[in-house]
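*Asks:* sequence? don't have it. structure:
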């Protein structure tokens with residue numbers, strides 16, 4: 001499954017349905033160097049804020065072109081400065097794996113001091129406190145932010161949230177993003193969201209032959225062994241507070257992003273042309 005492309009396509013369906021008048025703001029927290037959700041939010045016509053401590057030149061250009069407000073900081077549980085562990089993967093520096101957590105599998109010993117702020121402090125800075133969508137990709141730190149949800153007024157809770165889980169290995173290995181620390185953090189995220197009234201949820205995983213898992217968080221027992229197959233690698237969970245479940249439409253969108261589907265379609269088209 002092509003995770004980021006699929007999730008962005010789903011949000012194109014979901015966000016206009018939950019905020020037709022586009023009165024809320026979309027937040028892209030942990031933008032990284034590719035798959036810019038902030039660009040997709042802006043193209044949909046939403047006021048958009050990007051939160052990224054180490055913005056790339058490409059992100060700076062995107063923000064300028066689409067009038068996206070960029071805040072150069074991390075979202076965390078304190079206001080001030082923190083050490084960001086610069087990311088590394090397969091022996092090479094990779095800022096997409098940078099994390100505030102020194103135990104994160106992609107975190108190196110090289111650190112850079114960056115500014116950080118709490119979720120409530122971020123909302124105090126925004127002219128539009130209503131959040132249509134919050135996307136979190138902060139390398140093992142997602143639960144630190146989501147645990148702040150109960151402190152927010154109900155009117156400030158994101159209508160939809162996208163957050164990353166797993167990474168670095170498969171679930172069966174119990175290593176990297178599936179170690180007990182980070183698996184417990186993922187469960188904490190789901191538990192808080194359930195408590196805050198989130199219901200419709202969909203999991204998009206990168207494992208070969210993975211398909212979307214659509215479920216009602218309010219009805220879930222939060223059994224992670226039941227939620228995530230053993231071959232799960234990494235992915236995103238999208239969860240909404242008020243969204244009419246359109247399972248057939250969601251599945252139809254996801255099907256286009258299954259691994260190998262596009263190549264099979266191309267082969268089929270070429271075969272028909274040649275026959």
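*Replies:* Thanks, I have the structure now. These numbers were taken from a predicted model, which means no experiment stands behind them. Numbering: from 1, shown residues only.
*Asks:* list the buried residues for the one helix or strand residue 16 maps to?
*Replies:* Using DSSP states H and E, residue 16 falls within helix 3-18. Buried residues in helix 3-18, counted by 16 or more other Cβ atoms under 10 Å: 3, 4, 6, 7, 8, 9, 10, 11, 14, 15, 18. From N, CA and C alone the C-beta is placed, and that goes for glycine too.
*Asks:* how far is that helix from where the chain is centred?
*Replies:* With Cα atoms, centre = their mean, to the nearest Å as the basis, helix 3-18 stands 11 Å off its chain's centre.
*Asks:* the residue nearest to residue 148 when sequence neighbours are not counted: how many residues sit nearby?
*Replies:* Spatial nearest neighbour of residue 148, chain neighbours left out: residue 119 (4.4 Å); criterion: Cβ to Cβ, 6 or more residues apart in numbering. Other residues near residue 119 number 24, with proximity taken as other Cβ atoms under 10 Å.
*Asks:* quick one: the helices in the stretch 101-250 of the chain?
*Replies:* Secondary structure of the stretch 101-250 of the chain by DSSP state H, counting those that start in this stretch: the helices cover 119-125, 142-146, 180-195, 224-227, 247-255.
*Asks:* returning to that earlier point: show residues contacting whatever helix or strand comes next after the helix holding residue 16.
*Replies:* Where DSSP H and E defines the elements, the next helix or strand beyond helix 3-18 is strand 25-29. Identification of contacts with strand 25-29 by Cβ atoms under 8 Å, 6 or more residues apart in numbering yields 15, 36-38, 41, 44, 46-52, 75, 122, 126, 128, 130-138, 145, 158.
*Asks:* against which helices or strands is the helix or strand following strand 25-29 packed?
*Replies:* Elements were assigned by DSSP H and E; along the chain past strand 25-29, the next helix or strand is helix 37-43. Judged by 3 or more Cβ pairs under 8 Å, 6 or more residues apart in numbering; DSSP states H and E, the packing partners of helix 37-43 are helix 3-18, strand 25-29, strand 47-51, helix 57-66.
*Asks:* not counting its neighbours along the chain, what's nearest residue 199?
*Replies:* residue 218 (4.9 Å).
*Asks:* ok, residue 92 to residue 114 distance?
*Replies:* In this view, residue 92 and residue 114 are 21 Å apart by Cβ to Cβ, to the nearest Å.
*Asks:* okay, now residue 90: neighbour count?
*Replies:* 6.
*Asks:* give me the mean pLDDT for stretch 141-148.
*Replies:* In this model, stretch 141-148 has an average pLDDT of 98.
*Asks:* for residue 127, give me the pLDDT.
*Replies:* On the pLDDT scale, residue 127 is placed at 81.
*Asks:* quick one, what contacts it?
*Replies:* Listed by Cβ under 8 Å, 6+ apart, residue 127 has no contact partners.
*Asks:* next one: it from residue 251, what distance?
*Replies:* For residue 127 relative to residue 251 (Cβ to Cβ), the value is 37 Å.
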